[in-house]
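J.: With the input below, show me the fold.
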Amino acid sequence: MKALLPVLLAGTLVAGMAPVAHAADTGSWVVHFGAHVVDPKSDNGQLAGMKASIGSDTQPTISAEYFFTPSLSAEVLAALPFKHTIRLDGQKVATTKQLPPTIGINYHFMPDAKVSPFVGAGVNYTRFFNTRGTGLLDGASVKIDNSWGPAAHAGVDVQLAPRWLFTADIRWIGISGDVHVNGTKVGTAKVDPWLYGVSVGYRF
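T.: Numbers count the residues shown, from 1 in each chain. Next comes the predicted model:
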(Lines give C-alpha, C1' and ligand atoms only; values in the text may rest on other atoms or scores of the structure.)
Protein backbone atom coordinates (compact mmCIF):
# COMPACT_ATOMS: atom_id res chain seq x y z
CA MET A 1 0.00 0.00 0.00
CA LYS A 2 2.88 2.39 0.75
CA ALA A 3 4.08 2.00 -2.84
CA LEU A 4 0.72 3.29 -4.07
CA LEU A 5 0.52 6.41 -1.90
CA PRO A 6 2.82 8.60 -4.05
CA VAL A 7 0.78 7.63 -7.12
CA LEU A 8 -2.49 8.55 -5.42
CA LEU A 9 -1.02 11.86 -4.28
CA ALA A 10 0.19 12.65 -7.78
CA GLY A 11 -3.22 11.79 -9.17
CA THR A 12 -4.91 14.12 -6.70
CA LEU A 13 -2.58 16.96 -7.68
CA VAL A 14 -3.33 16.38 -11.34
CA ALA A 15 -7.03 16.42 -10.53
CA GLY A 16 -6.73 19.89 -9.07
CA MET A 17 -5.52 21.16 -12.44
CA ALA A 18 -7.93 19.16 -14.58
CA PRO A 19 -11.09 20.61 -16.13
CA VAL A 20 -14.49 19.52 -14.91
CA ALA A 21 -15.37 16.19 -16.59
CA HIS A 22 -18.61 14.42 -17.28
CA ALA A 23 -19.67 11.06 -15.92
CA ALA A 24 -19.46 8.01 -18.13
CA ASP A 25 -22.57 7.58 -20.24
CA THR A 26 -24.60 4.41 -20.00
CA GLY A 27 -23.27 1.99 -22.59
CA SER A 28 -19.85 3.63 -22.86
CA TRP A 29 -16.47 1.84 -22.80
CA VAL A 30 -13.18 2.81 -21.18
CA VAL A 31 -9.95 1.12 -22.30
CA HIS A 32 -7.02 1.37 -19.86
CA PHE A 33 -3.33 0.95 -20.74
CA GLY A 34 -0.86 0.75 -17.87
CA ALA A 35 1.35 -1.48 -15.74
CA HIS A 36 0.93 -3.54 -12.57
CA VAL A 37 3.24 -5.05 -10.00
CA VAL A 38 2.27 -8.56 -8.88
CA ASP A 39 3.55 -8.88 -5.31
CA PRO A 40 2.90 -12.35 -3.78
CA LYS A 41 2.24 -12.55 -0.07
CA SER A 42 5.23 -13.19 2.19
CA ASP A 43 4.22 -16.69 3.38
CA ASN A 44 3.85 -18.89 0.30
CA GLY A 45 3.50 -22.22 2.11
CA GLN A 46 5.66 -25.34 2.37
CA LEU A 47 6.98 -27.34 -0.57
CA ALA A 48 8.74 -30.64 0.11
CA GLY A 49 9.00 -29.61 3.77
CA MET A 50 10.81 -26.35 2.97
CA LYS A 51 9.61 -22.75 3.18
CA ALA A 52 8.59 -21.43 -0.22
CA SER A 53 8.93 -17.82 -1.37
CA ILE A 54 7.74 -16.39 -4.68
CA GLY A 55 9.20 -13.23 -6.19
CA SER A 56 7.32 -10.25 -7.62
CA ASP A 57 7.21 -8.97 -11.20
CA THR A 58 5.95 -5.96 -13.18
CA GLN A 59 4.33 -6.11 -16.63
CA PRO A 60 2.18 -3.97 -18.94
CA THR A 61 -1.57 -4.43 -18.52
CA ILE A 62 -4.71 -3.60 -20.46
CA SER A 63 -8.31 -3.57 -19.33
CA ALA A 64 -11.69 -2.91 -20.94
CA GLU A 65 -14.49 -1.49 -18.81
CA TYR A 66 -18.16 -1.30 -19.87
CA PHE A 67 -20.52 1.05 -18.01
CA PHE A 68 -24.07 -0.22 -17.47
CA THR A 69 -24.79 3.03 -15.58
CA PRO A 70 -22.56 6.01 -14.73
CA SER A 71 -21.60 4.20 -11.48
CA LEU A 72 -21.73 0.49 -12.32
CA SER A 73 -19.32 -1.18 -14.70
CA ALA A 74 -17.94 -4.57 -15.73
CA GLU A 75 -14.20 -4.92 -16.34
CA VAL A 76 -11.85 -7.45 -17.92
CA LEU A 77 -8.13 -7.24 -17.02
CA ALA A 78 -5.36 -8.83 -19.09
CA ALA A 79 -1.57 -8.56 -19.08
CA LEU A 80 1.65 -9.80 -20.59
CA PRO A 81 2.91 -12.93 -18.77
CA PHE A 82 4.32 -12.32 -15.29
CA LYS A 83 7.51 -14.25 -14.44
CA HIS A 84 8.24 -15.37 -10.88
CA THR A 85 11.23 -16.92 -9.17
CA ILE A 86 10.48 -19.68 -6.66
CA ARG A 87 12.84 -20.26 -3.74
CA LEU A 88 12.92 -23.00 -1.10
CA ASP A 89 14.63 -22.05 2.17
CA GLY A 90 16.18 -19.13 0.26
CA GLN A 91 17.57 -21.19 -2.63
CA LYS A 92 16.32 -20.61 -6.17
CA VAL A 93 14.72 -23.85 -7.41
CA ALA A 94 12.36 -22.84 -10.23
CA THR A 95 10.92 -20.10 -12.40
CA THR A 96 7.39 -19.90 -13.75
CA LYS A 97 5.23 -17.66 -15.88
CA GLN A 98 1.57 -16.94 -15.33
CA LEU A 99 -1.34 -15.15 -16.98
CA PRO A 100 -4.03 -13.89 -14.56
CA PRO A 101 -7.08 -12.71 -16.57
CA THR A 102 -9.64 -11.25 -14.19
CA ILE A 103 -13.31 -10.34 -14.65
CA GLY A 104 -15.11 -8.12 -12.16
CA ILE A 105 -17.80 -5.56 -11.36
CA ASN A 106 -16.81 -2.06 -10.21
CA TYR A 107 -18.85 0.59 -8.42
CA HIS A 108 -17.78 4.23 -8.93
CA PHE A 109 -18.90 6.39 -6.02
CA MET A 110 -18.74 9.87 -7.60
CA PRO A 111 -18.87 9.49 -11.40
CA ASP A 112 -19.51 13.22 -11.92
CA ALA A 113 -16.46 14.31 -9.86
CA LYS A 114 -12.94 14.92 -11.12
CA VAL A 115 -11.70 12.37 -8.57
CA SER A 116 -13.91 9.29 -8.34
CA PRO A 117 -13.00 6.38 -6.02
CA PHE A 118 -14.29 2.91 -6.81
CA VAL A 119 -14.40 -0.62 -5.40
CA GLY A 120 -14.99 -3.92 -7.12
CA ALA A 121 -15.06 -7.69 -6.87
CA GLY A 122 -14.73 -10.53 -9.32
CA VAL A 123 -13.16 -13.82 -10.27
CA ASN A 124 -9.68 -14.73 -11.49
CA TYR A 125 -8.27 -17.58 -13.54
CA THR A 126 -4.49 -17.97 -13.42
CA ARG A 127 -2.65 -20.20 -15.88
CA PHE A 128 0.90 -21.24 -14.97
CA PHE A 129 3.23 -22.24 -17.80
CA ASN A 130 6.92 -22.52 -18.73
CA THR A 131 7.72 -23.72 -15.20
CA ARG A 132 11.37 -24.79 -15.13
CA GLY A 133 13.50 -26.29 -12.39
CA THR A 134 16.86 -24.72 -11.52
CA GLY A 135 19.48 -25.30 -8.83
CA LEU A 136 18.35 -28.29 -6.73
CA LEU A 137 15.59 -29.01 -9.27
CA ASP A 138 17.69 -28.52 -12.41
CA GLY A 139 16.52 -31.08 -14.96
CA ALA A 140 13.41 -32.04 -12.97
CA SER A 141 9.89 -31.77 -14.38
CA VAL A 142 8.13 -29.05 -12.36
CA LYS A 143 4.45 -28.24 -12.83
CA ILE A 144 2.07 -25.84 -11.05
CA ASP A 145 -1.68 -26.42 -11.37
CA ASN A 146 -3.82 -23.59 -12.72
CA SER A 147 -5.97 -21.65 -10.26
CA TRP A 148 -9.46 -20.18 -9.90
CA GLY A 149 -10.03 -17.65 -7.13
CA PRO A 150 -11.78 -14.49 -5.95
CA ALA A 151 -10.53 -10.99 -6.69
CA ALA A 152 -11.04 -7.63 -4.98
CA HIS A 153 -10.38 -4.21 -6.50
CA ALA A 154 -10.19 -0.59 -5.32
CA GLY A 155 -8.80 2.59 -6.74
CA VAL A 156 -9.42 6.11 -7.95
CA ASP A 157 -10.14 7.61 -11.38
CA VAL A 158 -8.85 11.11 -12.05
CA GLN A 159 -10.45 12.88 -15.00
CA LEU A 160 -7.86 14.61 -17.20
CA ALA A 161 -10.27 15.61 -19.97
CA PRO A 162 -13.80 14.61 -21.03
CA ARG A 163 -12.48 11.39 -22.60
CA TRP A 164 -9.18 10.83 -20.80
CA LEU A 165 -8.52 9.66 -17.26
CA PHE A 166 -5.70 8.54 -15.02
CA THR A 167 -6.30 5.55 -12.73
CA ALA A 168 -4.36 4.25 -9.73
CA ASP A 169 -5.59 0.97 -8.31
CA ILE A 170 -4.85 -1.92 -6.00
CA ARG A 171 -6.07 -5.49 -6.33
CA TRP A 172 -5.99 -8.65 -4.27
CA ILE A 173 -6.30 -12.01 -6.04
CA GLY A 174 -6.66 -15.45 -4.49
CA ILE A 175 -4.15 -17.64 -6.35
CA SER A 176 -2.85 -21.04 -5.27
CA GLY A 177 -1.76 -24.13 -7.18
CA ASP A 178 -0.52 -27.60 -6.33
CA VAL A 179 3.15 -28.10 -7.24
CA HIS A 180 4.33 -31.35 -8.80
CA VAL A 181 7.95 -32.46 -9.21
CA ASN A 182 8.45 -35.40 -11.59
CA GLY A 183 4.74 -36.11 -11.25
CA THR A 184 4.65 -36.15 -7.44
CA LYS A 185 2.77 -33.47 -5.51
CA VAL A 186 5.18 -31.73 -3.11
CA GLY A 187 2.80 -29.09 -1.71
CA THR A 188 0.72 -26.07 -2.65
CA ALA A 189 2.11 -22.71 -3.71
CA LYS A 190 0.00 -20.02 -2.01
CA VAL A 191 0.55 -16.88 -4.06
CA ASP A 192 -2.42 -14.65 -3.08
CA PRO A 193 -0.76 -11.50 -4.46
CA TRP A 194 -1.45 -7.80 -4.15
CA LEU A 195 -1.35 -5.94 -7.46
CA TYR A 196 -0.42 -2.25 -7.58
CA GLY A 197 -0.98 -0.38 -10.81
CA VAL A 198 -1.42 2.84 -12.75
CA SER A 199 -3.01 3.35 -16.14
CA VAL A 200 -4.31 5.89 -18.60
CA GLY A 201 -7.83 5.36 -19.89
CA TYR A 202 -9.76 6.55 -22.93
CA ARG A 203 -13.58 6.65 -22.99
CA PHE A 204 -15.56 6.09 -26.17
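
J.: for this protein, which spans come out with low pLDDT?
T.: Scanning the chain for pLDDT under 70 picks out the ranges 1-25.

J.: Next, the buried residues of the lengthiest strand in it.
T.: For the chain, the longest strand by residue count, based on DSSP state E, is strand 115-133. Residues of strand 115-133 classed as buried: Val115, Ser116, Phe118, Gly120, Gly122, Asn124, Thr126, Phe128, Thr131, Gly133 (neighbour count, 16 or more other Cβ atoms under 10 Å). All C-beta spots, glycine's among them, are computed from the backbone N, C-alpha and C.

J.: next one: stretch 52-72
T.: Ala52, Ser53, Ile54, Asp57, Thr58, Thr61, Ser63, Glu65, Phe67, Pro70, Ser71, Leu72.

J.: Correct me if wrong: Leu195 contacts Ile173.
T.: Yes - in this structure Leu195 lies within contact range of Ile173 using Cβ atoms under 8 Å: 6.7 Å.

J.: and the two most separated of the buried residues of strand 115-133?
T.: Largest separation among the buried residues of strand 115-133 by Cβ to Cβ: Val115 and Gly133, giving 47.6 Å.

J.: element containing the closest residue to Arg132 other than its chain neighbours?
T.: Nearest residue to Arg132, sequence neighbours excluded (Cβ to Cβ, 6 or more residues apart in numbering): Thr95, at 5.5 Å. Using DSSP states H and E, Thr95 sits within strand 91-99.

J.: if we can go back for a sec, and the longest strand of the chain, how far from the chain's centre?
T.: Per Cα atoms, centre = their mean, to the nearest Å, the displacement of strand 115-133 from the mean C-alpha position of its chain is 5 Å.

J.: quick revisit: among the buried residues of stretch 52-72, which are in strands?
T.: If you go by DSSP E, the buried residues of stretch 52-72 have Ala52, Ser53, Ile54, Asp57, Thr58, Thr61, Ser63, Glu65, Phe67, Leu72 in strands.

J.: So which of the residues you listed is the closest to Gly149?
T.: Ile54 (15.1 Å).

J.: Name the residues linked to that closest one by a beta bridge.
T.: Ile86 (DSSP bridges).
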